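Structural data only, the sequence is not supplied:
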């Protein structure tokens, strides 16, 4: 079934679960969703890999605090142990290249950026890319397509934009299927690049805090600046800014809407738990950073 439809159903379920305090039975939740229990269970099991009853636990408002208490990773430990160990379902090479200092200074002048909208596990995704790789990924379910387009275009105000989804479709497919290679062409200053690199060290199903990221990049007092850099991440989901939480366990903000962030965290957490128990939740979008997927950036940017 269409992945965007899956997300739309899950989005409605979040609202119902929140309203009922997470105490809905399968039969009651399916009834409220105007579905049979069997169909509702099949839908969620296909999308998440676990039953609706278990998934409901991962959608509750206090689940972020549970994640923080039980699955908070330190960036240093993640780098030391590698990102392809137990609990990882599939590996996807993500190669980075920062745009040149000249491109950054020219605000994208001379660049041709192709774009298109695609179905994704979290609703419609607006993707953008240059000849070297994906340079933008946004989700439109909460903000709307026009607002997402305006936001992304403002990041490269002098670039030439061309609607050509067929040109970037293979990279988008690789990003969401977990098969193939997703090359990224990122624009950002050195501080932003360091923050985004740290985000890639957080394994799927785990989280970290803004303060932990600040310590990891050598700026322990720059928590607010880290939060700003996280929010300016141009490649949502691929650079997993949704895995950064407040120290209190609060979700913090999310540029493309908190329901999207909650869905990402719940889905990843549920799948990680299923994998740890030996279940087979189906294809997962995972990213590995090792010697063949180094991040290159220009300190002079």
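Right, received. Where do you want to start? These numbers come from a predicted model, not from an experiment.

and the helix or strand where residue 15 lies, how far from the chain's centre?
Using DSSP states H and E, residue 15 falls within helix 3-20. Centre-to-centre, helix 3-20 and its host chain are 18 Å apart (CA atoms, centre = their mean, to the nearest Å).

buried sites along it?
Going by neighbour count (16 or more other CB atoms under 10 Å), the buried part of helix 3-20 is 3, 4, 6, 7, 9, 10, 11, 13, 14, 16, 17. C-beta coordinates here come from the backbone N, C-alpha and C atoms, glycine included.

Report the central residue of this protein.
Nearest to the mean C-alpha position of the chain, counting by CA atoms, centre = their mean, stands residue 237 at 1.9 Å.

pLDDT at that residue, what is it?
We have a pLDDT of 91 for residue 237.

same question, residue 263
Residue 263 is given a pLDDT of 83.

list the contacts for it?
7, 10, 11, 14, 122 (CB atoms under 8 Å, 6 or more residues apart in numbering).

Helix or strand: which one has the residue lying closest to the second one once chain neighbours are set aside?
Of all residues beyond its chain neighbours, the one nearest residue 10 is residue 263 (5.8 Å), with distances taken as CB to CB, 6 or more residues apart in numbering. The secondary structure element spanning residue 263 is helix 258-276 (assigned by DSSP H and E).

Quick check: what element follows the helix holding residue 15 along the chain?
helix 26-32.

Helices of the stretch 151-300 of the chain, start to end?
Taking DSSP state H, counting those that start in this stretch, the helices of the stretch 151-300 of the chain run over residues 165-177, 190-199, 210-216, 223-231, 258-276.

residue ranges with poor pLDDT in the stretch 101-250 of the chain?
Along the stretch 101-250 of the chain, segments meeting pLDDT under 70 span 101-104, 178, 180, 249.

What residue spans form the domains of this structure?
As recorded under automatic domain parsing, the domains making up the chain are 3-61, 73-276.

winner for burial among those domains?
Comparing these by mean neighbour count (mean count of other CB atoms under 10 Å), domain 73-276 ranks first with a mean of 19.

quick one: that domain to chain centroid distance?
6 Å.

so which of the buried residues of helix 3-20 comes closest to residue 38?
Sorting the buried residues of helix 3-20 by how near they are to residue 38, with CB to CB, puts residue 9 at the top with 14.6 Å.

Kindly confirm whether my reading is correct that the closest one touches residue 33.
Yes. Counting by CB atoms under 8 Å, residue 33 is a contact partner of residue 9 at 6.9 Å.

and residue 126, what is it in contact with?
115, 116, 117, 136, 137, 138, 139, 140, 145, 148, 149, 152.

that older thread, take the contacts of residue 263 and write them to JSON lines, including distance to residue 174.
What follows is the contacts of residue 263, written out as JSON lines (distance: CB to CB, whole Å):
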{"residue": "7", "distance to residue 174": "20"}
{"residue": "10", "distance to residue 174": "23"}
{"residue": "11", "distance to residue 174": "25"}
{"residue": "14", "distance to residue 174": "28"}
{"residue": "122", "distance to residue 174": "17"}
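
Show me the two of these that sit farthest apart.
Within the contacts of residue 263, 14 and 122 form the most distant pair, 12.0 Å apart (CB to CB).

Okay, now stretch 126-138: how far is its last residue from its first?
5 Å (CA to CA, to the nearest Å).

same deal with stretch 140-147?
8 Å.

my guess is residue 40 contacts residue 25, does it?
No. Residue 40 lies out of contact with residue 25 (CB under 8 Å); the separation is 11.4 Å.

Next one: the residue nearest to residue 10 from residue 117, what distance?
18 Å (CB to CB, to the nearest Å).

same deal with residue 4?
In terms of CB to CB, residue 4 sits 10 Å off from residue 117.

Identify the contacts common to these two.
residue 124.

quick one: the residue nearest to residue 114 when sequence neighbours are not counted from residue 113, how far?
Distances taken as CB to CB, 6+ apart put residue 164 closest to residue 114, at 4.1 Å, once the chain neighbours are dropped. Going from residue 164 to residue 113 by CB to CB gives 10 Å.

next one: residue 41
Relative to residue 113, and taking CB to CB, residue 41 is found at 42 Å.

Residue 199 now?
23 Å.

Give me the phi and psi for the residue nearest to residue 147 when sequence neighbours are not counted.
Nearest non-adjacent residue to residue 147, counting by CB to CB, 6+ apart: residue 140, 7.9 Å away. The phi/psi pair for residue 140 (degrees, to the nearest 10) reads phi -100, psi 0.
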